[in-house]
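[1] structure here, sequence nowhere to be found:
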């Protein structure tokens, strides 16, 4: 009887706890699956600046191998007035 109750409690615990443990959410890095998308690119402005976007990265920043984009800080460089909602 004790083995059956232990098995039942263990199974119940796995059913209750497993979805939280196996979900795609991580409380330490809640936006680790964030994938930014480019809505608009002003190719003339990009050509005028002539800058390399990768040169802005910090070489001394600590990288986490599990979440390589955890130190990503998005910034708005240019905004087209057509996309501004009034």
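    Happy to help now that I have it. No experiment lies behind these values; they were computed from the predicted model shown.
[2] CA only for contacts and neighbour counts going forward, please
    OK.
[3] show me where the chain has its helices.
    2-22, 43-49 (DSSP state H).
[4] averaging pLDDT over each of these, which comes out lowest?
    The minimum mean pLDDT among the helices of the chain belongs to helix 2-22 (a mean of 69).
[5] so can I have a markdown table of the helices of the chain showing distance to residue 65?
    Shown next, in a markdown table, are these (distance: least, Cα to Cα, whole Å):
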| stretch | distance to residue 65 |
| --- | --- |
| helix 2-22 | 19 |
| helix 43-49 | 31 |
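[6] just those helices: most buried one?
    helix 2-22 (a mean of 11; mean count of other Cα atoms under 10 Å).
[7] closest to residue 73 out of the helices of the chain?
    helix 43-49 (19.8 Å; Cα to Cα).
[8] ok, now how distant is residue 2 from residue 9?
    Distance, residue 2 to residue 9, using Cα to Cα, to the nearest Å: 11 Å.
[9] could you measure from residue 72 over to residue 64?
    11 Å.
[10] residue 2 too?
    Distance, residue 2 to residue 64, by Cα to Cα: 45 Å.
[11] now do residue 41
    Relative to residue 64, and taking Cα to Cα, residue 41 is found at 30 Å.
[12] cool, residue 38 as well?
    As judged by Cα to Cα, residue 38 and residue 64 stand 25 Å apart.
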